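Colleague: Structure here, sequence nowhere to be found:
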């Protein structure tokens, strides 16, 4: 790929352009809002003008409902050899592209799983996609050349390609992105009922749960509307769980018959939440490597563990998790320090030099992200 | 305060003990599980034994349902002059303490708003409460001496005291803590329906929304059960919003009459979420200071903003937010850099030395947490 035209210079489009510029691709920036295109140019994302000749690839970074009409227009003008988009839903644009009679061999839909609560070119970063999954949804019509061109784009942006069907993609993002966004909004909307004193008690948990609710309401209305069916499926199931949980709480509150069963019902829901959370793979879209365990014998005197952690810090090794076992007489115990496998030997050697009795265990189970 | 006895050496109890040890208070550690008390002792949190004489303060760090019976027992043994607890609900323990005939003048309930998804003494930190709100709920019976002793505890732990009634406290934590925990669990529980490919698409948004769902199901069943009424009130309203949102999505999906109104309904819910999120005060429980704006004139050439940000980074000033205005001819623009007020002058001076045209504006509005 030598030249690319980026259509739509918001957060995602400008970030794609910045990533491509870093790898030496000539990029051209188009946007219906000239300020956005000029801002992207000022950021070093390329030139805010039409490409002087047919570009290798056009990347459509426009809202889902605009993908098909913009694609039809660009193809009519012959602006590029191949076309992809970055819209967060895939079935609807796919159907519309077919309906508008676009040249389907040259097209492969895409969706980089990256972003943030901020939008616009000024939030763009050339490394936005590094290590992130980037879904491509080739159809039966997509040519190998078009797919390879899209795979090259993904690779140049440092992302990991994931091939999926359009409908499987849309069900997946409803579950892992669209409904979580909505539950963040639903939770944050309740806060409007809270007093100033109540909001002073907000902690990191609330900030984390509601962080994505800060996103643009207009943008998210478009995203959710374009994936309305799959999102409604998941949201209905969630609303039903919420009603059941509220019902269980009322029975617990009543302290009458069934209060114990109601608490058990609540506990089961919370456990399903913990299990669901544990199923989220590691940060880079692949399962965690697991940690190595360094087991250290510790005496039963005040400050013994404090000294151990201080020694680990001196060795420059980050402790990912800690477990503790005591012998029956409580006089000696064993601390299990979970560390990255590559750091286990360094830590063990350093601790032994400090006089600790140390054993490196085989990898324990993964700890999740 | 010279001596304190910590009853229950989990995350919170051990963290309180570590904080008090740092400030020179003699601490004694009791737990029905001797391993937990010995682990806390090994961490340097105090001595795992009964205090040799009457302690100044007993801190009950036990589950909500155990506060009253444990308090009654400790008062019978005369273990301390004053008593407080750290349970995350306050009405229920308050009523039970009265019902059990405890000496009410010596007692003030408390709740430090700190913690995390990990539990047990090994997760404890002496700085866990620093800058965090710590609610105290004195009753009409509480003596000034008891309240002052609890205020000293809060101060020694580096927290900010917030005085509230028990019921106002419970409604507040239902809103800002308990229901957000439940919505995290509800969202995470849905993931059990997802395929492996779907979960590979998980991003930071999902991790943030579901982070607290990793907490102990047993512990949270106790917490939610003890505050069942206020939590059910908020959860019912949230479930109703969720049903309405799902209904709106179905009408959008149908693309028939009312689809436009349904999208507007969805947008309004998302906007309420953004507004609710914006109402969360700054990280330390007080409103944000607001930022100062440094305005810089930038030319309309590729890489101009990249050079500006690089210059700001060289000046060692963190850019908190950025806005951009272009003049009508698109040839010059103005970047508004929001920075901490104390850093505005440094940044402006450094940029001027680098040849930029700079103006420091009055404080713009706060940007929230």
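Modeller: Received the coordinates, thanks. It should be emphasised that the depicted structure is a prediction, and the values quoted were computed from it without experimental measurement. Numbers count the residues shown, from 1 in each chain, chains lettered A, B, ... in the order given.
Colleague: Give me the spatial nearest neighbour of the residue of the stretch 1-150 of chain A found nearest chain B, chain neighbours excluded.
Modeller: Closest contact between the stretch 1-150 of chain A and chain B, by CB to the nearest CB, is at residue A:44 (3.9 Å). Heads up, the C-betas are built off the backbone N, CA and C, glycines and all. Sequence neighbours aside, residue B:303 is the residue nearest to residue A:44 in space, at 3.9 Å (criterion: CB to CB, 6 or more residues apart in numbering or on different chains).
Colleague: Packing partners of the helix or strand containing residue A:274?
Modeller: Element membership for residue A:274, per DSSP states H and E: helix A:259-278. Here helix A:259-278 touches helix A:228-254, helix B:179-190, helix B:204-210, helix B:217-226, going by 3 or more CB pairs under 8 Å, 6 or more residues apart in numbering or on different chains; DSSP states H and E.
Colleague: tell me the most buried of the ones you listed?
Modeller: Neighbour counts (mean count of other CB atoms under 10 Å in any protein chain shown) averaged over each of the helices and strands packed on helix A:259-278 peak at helix B:179-190, with a mean of 29.
Colleague: related to what we said a few turns ago, among the helices and strands packed on helix A:259-278, which is nearest residue B:147?
Modeller: Taking CB to CB, helix B:217-226 is the member of these nearest to residue B:147, at 23.2 Å.
Colleague: Which strands or helices does the closest one pack on?
Modeller: When contacts are defined as 3+ CB pairs under 8 Å, 6+ apart, helix B:217-226 packs onto helix A:228-254, helix A:259-278, helix B:64-77, helix B:179-190.
Colleague: Need the contact partners of it.
Modeller: Applying CB atoms under 8 Å, 6 or more residues apart in numbering or on different chains, the contact partners of helix B:217-226 are A:249, A:252, A:263, A:266-268, A:270-271, A:273-274, B:63-65, B:87-89, B:92-93, B:119, B:178, B:181-182, B:185, B:231.
Colleague: that older thread, determine whether the claim that the residue of the stretch 1-150 of chain A closest to chain B is in a helix is correct.
Modeller: No. Using DSSP: H, G, I helix; E, B strand; the rest coil, the assignment for residue A:44 is coil, not a helix.
Colleague: Show me the one of the helices and strands packed on helix A:259-278 that comes nearest residue B:71.
Modeller: Evaluated over those, closeness to residue B:71 peaks at helix B:217-226, with 15.0 Å, by CB to CB.
Colleague: How far does that closest one sit from its chain's centre?
Modeller: When distances are taken as CA atoms, centre = their mean, to the nearest Å, helix B:217-226 is centred 18 Å away from the chain's centroid.
Colleague: Sketch out the helices for chain A, chain order is fine.
Modeller: Secondary structure of chain A (DSSP state H): helices at A:11-22, A:34-42, A:64-77, A:91-99, A:144-156, A:166-173, A:179-190, A:196-200, A:204-210, A:217-226, A:228-254, A:259-278, A:304-314, A:341-353.
Colleague: mind checking which of those is nearest residue B:357?
Modeller: helix A:34-42 (15.2 Å).
Colleague: Which positions in that closest one come out as buried?
Modeller: Neighbour counts using 16 or more other CB atoms under 10 Å in any protein chain shown place A:35-42 of helix A:34-42 among the buried residues.
Colleague: Any chance of JSON lines for the residues you listed, columns distance to residue A:139 and pLDDT?
Modeller: JSON lines is the format used below for the buried residues of helix A:34-42 (distance: CB to CB, whole Å; pLDDT from 0 to 100):
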{"residue": "A:35", "distance to residue A:139": "35", "pLDDT": "92"}
{"residue": "A:36", "distance to residue A:139": "30", "pLDDT": "93"}
{"residue": "A:37", "distance to residue A:139": "30", "pLDDT": "95"}
{"residue": "A:38", "distance to residue A:139": "36", "pLDDT": "95"}
{"residue": "A:39", "distance to residue A:139": "34", "pLDDT": "94"}
{"residue": "A:40", "distance to residue A:139": "30", "pLDDT": "95"}
{"residue": "A:41", "distance to residue A:139": "34", "pLDDT": "96"}
{"residue": "A:42", "distance to residue A:139": "37", "pLDDT": "94"}
